[in-house]
Structure formats: C-alpha cells, structure tokens
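Student: Structure of the sequence below:
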Amino acid sequence: MNVLAILMIGGVLAVPGVALVALRWASHRGELNLPERAALLPFDEEEPVGRATDQILNRQSAES
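Tutor: Sure thing, here's the model as predicted:
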C-alpha cells in the first residue's frame, strides 16, 4: 500500500510540474507571443475566415 500511495502522490505532483515546464518552454520559444495569429492558422485560401465550407453547414434545401 505504501508503494501505491507514493505513486499517487508522485503523479499528483508530476502532472502539474510537467505542465509548468511545458508552458515555460513554449513561452521562451515565443509560441505564446501572437495568439491572434495562431487562432487563424487553420484557415487558408480554400476555407477563408468567416466562410463556412463544411458540407453539413452548407447544405442546400431541396426547394432552392
């Protein structure tokens, strides 16, 4: 039971520790400098910002 307790406490301390190290690494590399630009990365000429190109969202009614 002691080994299980040590593993649980270690996990509780390790997960936030790794997250903080990753956040610091990203900050030092400049990954967090331009969040507005990063939000636009999924868009390109085929799918511009503000225009839905998904099939389900652009479904035409049978009457049109």
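Student: What strand or helix carries R24?
Tutor: Assessed by DSSP states H and E, R24 sits inside helix 2-29.
Student: same question for that helix, mean pLDDT?
Tutor: With pLDDT averaged residue by residue, helix 2-29 scores 94.
Student: Give me the mean pLDDT for the next helix or strand after that helix.
Tutor: Per DSSP H and E, helix 2-29 leads on to helix 35-39 as the next helix or strand towards the C-terminus. Helix 35-39 carries an average pLDDT of 79.
Student: Please renumber the chain so that the first residue is 30 from this point on.
Tutor: Sure, I'll start numbering at 30, so the last one becomes helix 64-68.
Student: distance of G46 from A67?
Tutor: To A67, G46 is 25 Å away according to CB to CB, to the nearest Å. All C-beta atoms are positioned from the backbone trio N, CA, C, and that covers glycine.
Student: For F72, the count of nearby residues, please.
Tutor: For F72, the neighbour count with other CB atoms under 10 Å is 13.
Student: returning to that earlier point: now do the helix holding R53: which elements does it pack against?
Tutor: Other helices and strands packing on helix 31-58, by 3 or more CB pairs under 8 Å, 6 or more residues apart in numbering; DSSP states H and E, are absent; none qualifies.
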